[in-house]
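Student: Generate a structure from the sequence data that follows.
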Amino acid sequence: MRISRNWSRFAVLLTLMALIGAACSSKTKAPAASKPTITVGSANFAESITLADIYAQVLEAKGYKVVQKENVGSREIYEPALESGTLSFVPDYLNSMLEFLKGTGSADVQTDVTAIQPLLAAKGLTALDPAPAQDKNEFAVTKATADKYHLTKISDLAPVASKLVLGGPPECPTRPLCEKGLEDKYGLHFKSFKSLDTGGPLTVAALKNGKIDVGLLFTTDTSFITEGFVRLEDDKGLQGADNVVPIVRQNVVTAYGDSFKTLINSISAKLTTDEVLQLNKAVIVDKKDSKDVARAWLVKEGFVS
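Tutor: Alright, predicted model coming up:
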């Protein structure tokens, strides 16, 4: 039986319409391949790089598309990169990022989370759950000094500060989180001040060798392990809540949904200050590769095998 030319054309038209419909349908379903690649960045210091390795490796292990850009630089560089989409994920520090965005920080984590979210949202960003780990200014003494004066918290310095030398960065005497803050918040007046560096090797050496009695370090400084320094509890809340916090582009969170947030939050929940301190020791003191250290931590915590 002959098929008319008109019918043939009609059949071709039906076939084309079916193909177009199928193509439209596949676009509507937004397959996983269309979801954004997660570009994980880090600042230019060992702790930030190791934390970025941890988050990036667990995402890769769970099947997410990940690219890493390590050692990007300071917050002045990586925050605009987050805004532009060059980066989509950076482990940061809550109070420091809040104040960078011109917010007012506090010593309370939830207060700072509430304050930072609208500032981030205006830039297409969001903060996921902060980790328990903090890396903030920490005033420290040697164990001998702590034992001699019965020091466990900053307010314990009040009766003896006039006998002690404080060491820190050159700007410390006028900074509200350093000597000026100790005077205003705690009423402390030291015998003298020695200008050194910002929680670096000069401060560590001066504290170790008795050139200073109280030094400004950072919470996760490895000298708390290697030198046995004693942290003085900030019992009046001078320092802000500088908890580790993942800062992520909102489009990534929207694209991957609750499973993404749950995974990242579960990692953050395991990152305590002591855990981060041990990670720093492995990289900085023991000279291990940060990627190997990150992998070992993820295995230890049961996130990968």
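Student: for the stretch 101-250 of the chain, which spans come out with low pLDDT?
Tutor: Nowhere does the stretch 101-250 of the chain drop to pLDDT under 70.
Student: Quick one: end-to-end distance for stretch 189-208.
Tutor: 22 Å (C-alpha to C-alpha, to the nearest Å).
Student: How about the contacts made by I212?
Tutor: Contacts of I212 were listed using C-beta atoms under 8 Å, 6 or more residues apart in numbering, and they are 165-167, 194, 196, 203, 206. For glycine as for every other residue, the C-beta is placed from the backbone atoms N, C-alpha and C.
Student: Could you verify that it is part of a helix?
Tutor: No: using DSSP: H, G, I helix; E, B strand; the rest coil, the secondary structure at I212 is coil, not a helix.
Student: where does it fall, phi/psi-wise?
Tutor: Dihedral angles phi and psi of I212 (degrees, to the nearest 10) take the values phi -130, psi 160.
Student: Run through the strands of this structure in chain order.
Tutor: Shown for the chain, the strands assigned by DSSP state E span residues 38-43, 66-73, 89-93, 125-127, 137-141, 165-168, 192-195, 214-218, 230-231, 244-249.
Student: For my notes, please list these in CSV and give mean neighbour count and distance to I54 for each entry.
Tutor: Formatted as CSV, the strands of the chain follow (neighbours: other C-beta atoms under 10 Å; distance: least, C-beta to C-beta, whole Å):
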stretch, mean neighbour count, distance to I54
strand 38-43, 25, 10
strand 66-73, 16, 11
strand 89-93, 27, 8
strand 125-127, 21, 17
strand 137-141, 23, 23
strand 165-168, 24, 30
strand 192-195, 14, 36
strand 214-218, 24, 19
strand 230-231, 17, 24
strand 244-249, 25, 10
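Student: of those strands, which approaches K287 most closely?
Tutor: The minimum distance between K287 and the strands of the chain falls on strand 66-73, with 17.0 Å, by C-beta to C-beta.
Student: what about A206, distance to K148?
Tutor: Applying C-beta to C-beta, to the nearest Å, the value for A206 to K148 is 18 Å.
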